[in-house]
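> Got a predicted structure here, sequence first:
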Amino acid sequence: MKTLEQLDIKPGMRILLRADFNVAMDGGKIADDFRMQATIPTINYLRKKGAKIIILSHLGRPEGKINNKYTLAPVAKHLGKLLKIDIKFFEQITTAEIEISKMKQGDVTMLENLRFNQGEEGADEKFAQQLAQIGDVYVNDAFAVAHREHASTTVLPKLLPHAAGLLMQKEVDMLNRVREAQDKPLVFIMGGAKAETKFKILLNLFDRVDYFCIGGVMANAILKERGVNIGKSYTGENSKEYLKKLDLDSEKLQLIEDARVGEDPKGEIFRISDLSDIKESELILDIGPKTIEKFSNLIQNAGTVMWNGPMGFIENKLFRQGSLELVQALKNTNAKVVVGGGETIQVVDEAQIRGAVDYQSTGGGAMLDYLANGTLPAIEALE
């Protein structure tokens, strides 16, 4: 990728900065500004160069229609507080074009939610050309949507001089270290519900990773294939396709040995069970104490720990325990720790141990896709 430092940015240049400010909202206010904070170094770099910065972003899934629930107006206001400057907000590209001509060097503006226009997710060239008209240079700092082939991520960079922002560069550099397994042993903790995506990564990284600590739906699928009774536990829609390609007896696959099980994931009744004692009516809802100890020991002795996906049904506080205890194990390791994915970061934040994490990726799906493939559509557009 061409990096930001390689761009010849002159004072007064109009920079279209694609950011990912798809943040959690609560009552019209920003509930978590982590992604916004992560892009500030790029914004400050451009401001120091005297550029005029026009931020392009999205929020939620408005499906190509204007929906006030997903307006970026409060996001623009919050960014102004973070930067301690006034930020102009534009609802229309035509309005922005007129007002951008009045901008001073170092000013920052933000355009309304790109996904209010069907051309964004449709990767429409006409929409990308409209955006290109209001800028001189394109910078992509939105790693979390780099796996999406949208107008602002893959079409727009073809129309303007372009480069990766500081966050994009940092994400790629850190994930390359994981792919190359520079610090061994490499332990990959994999959980959550998206088994199909994670099986792809497991297969692609199988030779590079020393141990996969597997919980969630992936563990259910492997256990069932091994002949273990997992009751009513979900195994994913296409898991069998990937299991055929996997050495199920490999020592690299570290599976759960016990679990918190119950008949209702939203209920309060559960018990701790060995795998040999799960009933037909029960679901695996979290990892048990034997599994926590096994996974924690692997974390403690690791050189690199990568984590994506919780170990249990964390929507219910009763089934966060396994994930929270593994998070505590991160404090007792000298390994480089990289985490990603909204639910994983939620658990890390709840345990208040961000200091034990070396790198926290802004992307979930993008991080997984990059680990699996070594590239993403938006990154290829910057090459």
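Nice, I can see it. Keep in mind the model is a prediction, meaning the values are calculated, not measured.

> Run a quick neighbour tally on Ile272.
14 (other CB atoms under 10 Å). Where C-beta positions appear, they are placed from N, C-alpha and C, glycine not excepted.

> So it, which state does it fall into?
strand (DSSP: H, G, I helix; E, B strand; the rest coil).

> Against Leu255, how distant is the spatially closest residue to Ile87 that is not a sequence neighbour?
Among residues not flanking Ile87 along the chain, Gly80 sits closest, at 4.2 Å (CB to CB, 6 or more residues apart in numbering). Between Gly80 and Leu255 the computed distance is 49 Å (CB to CB, to the nearest Å).

> Could you report the neighbour count for the closest residue to Val145 other than its chain neighbours?
Distances taken as CB to CB, 6+ apart put Asp20 closest to Val145, at 5.4 Å, once the chain neighbours are dropped. Neighbour count for Asp20, taken as other CB under 10 Å: 25.

> doesn't Asn140 make contact with Asp20?
No: in this structure, Asp20 is not within contact of Asn140 by CB atoms under 8 Å, at 9.7 Å.

> quick revisit: Gly80 and Leu255: who's more crowded?
Set side by side, Gly80 and Leu255 show more neighbours around Leu255, with 20 against 16, by other CB under 10 Å.

> Return the set of residues that bridge with the more buried one.
Ile214 (DSSP bridges).

> Give me the below-cutoff pLDDT ranges for the stretch 101-250 of the chain.
181 (pLDDT under 70).

> So in terms of bridging, what pairs with Met190?
The partner residues for Met190, given DSSP bridges, come to Ile214, Asn308.

> same thing with Phe89?
Met110.

> wait, isn't it in contact with Glu99?
No: in this structure, Phe89 is not within contact of Glu99 by CB under 8 Å, at 10.1 Å.

> Which helix or which strand is home to the spatially closest residue to Ser57 that is not a sequence neighbour?
In space, Ser57 comes closest to Phe21 once its chain neighbours are excluded; the distance is 4.2 Å by CB to CB, 6+ apart. Phe21 belongs to no helix or strand when assigned by DSSP states H and E.

> List phi and psi for Phe21.
phi -110, psi 40 (degrees, to the nearest 10).

> quick revisit: next, the contact list for the residue nearest to Val145, please.
Arg35, Thr39, Ser57, His58, Asp141, Ala142, Phe143, Ala144, Val145, Thr362, Gly363 (CB atoms under 8 Å, 6 or more residues apart in numbering).

> tell me the secondary structure for the second one?
The one in question is Thr39. Once three-state DSSP is applied, Thr39 turns out helix.

> Distance check, Leu186 against Val337.
From Leu186 over to Val337 (counting by CB to CB), the distance is 12 Å.

> Spell out which residues are contacts of both of those two.
With CB under 8 Å, 6+ apart as the test, Leu186 and Val337 both reach Thr304.

> Tell me how far the residue nearest to Val145 lies from Gly288.
37 Å.

> next one: Ser233
14 Å.

> cool, and Gln169?
41 Å.

> measure stretch 235-250 end to end?
Start to finish, the residues bounding stretch 235-250 are 20 Å apart (CA to CA, to the nearest Å).

> got the buried residues for it?
Residues Thr235, Gly236, Ser239, Tyr242, Leu243, Leu246 are the ones in stretch 235-250 that count as buried (16 or more other CB atoms under 10 Å).

> The fourth one contacts Thr197, correct?
No: contact between Tyr242 and Thr197 fails when scored by CB under 8 Å: they sit 10.3 Å apart.

> care to break this protein down by domain?
4-167, 174-361 (automatic domain parsing).

> Which of those sits closest to Asn373?
domain 174-361 (7.3 Å; CB to CB).

> Helices along the stretch 151-300 of the chain, start to end?
Assigned by DSSP state H, counting those that start in this stretch, the stretch 151-300 of the chain shows helices spanning 166-180, 195-205, 216-225, 239-243, 289-300.

> just to revisit the earlier point, helices and strands around the helix or strand containing the residue nearest to Ile87, which ones?
Following DSSP H and E, one finds Gly80 within helix 73-83. With contacts defined as 3 or more CB pairs under 8 Å, 6 or more residues apart in numbering; DSSP states H and E, the packing partners of helix 73-83 are strand 29-32, helix 34-48, strand 88-90, strand 108-111.

> mind running it again at 7 Å?
strand 29-32, helix 34-48, strand 108-111 (3 or more CB pairs under 7 Å, 6 or more residues apart in numbering; DSSP states H and E).

> So which of these is nearest Ala329?
With CB to CB as the criterion, Ala329 lies closest to helix 34-48 of those, at 22.5 Å.

> Okay, now the sheet partners of the helix or strand following that closest one, with direction.
Sequence-wise, the next helix or strand downstream of helix 34-48 (DSSP H and E) is strand 52-56. Note on strand 52-56: by DSSP bridges, its sheet partners are strand 14-18 (parallel), strand 108-111 (parallel).
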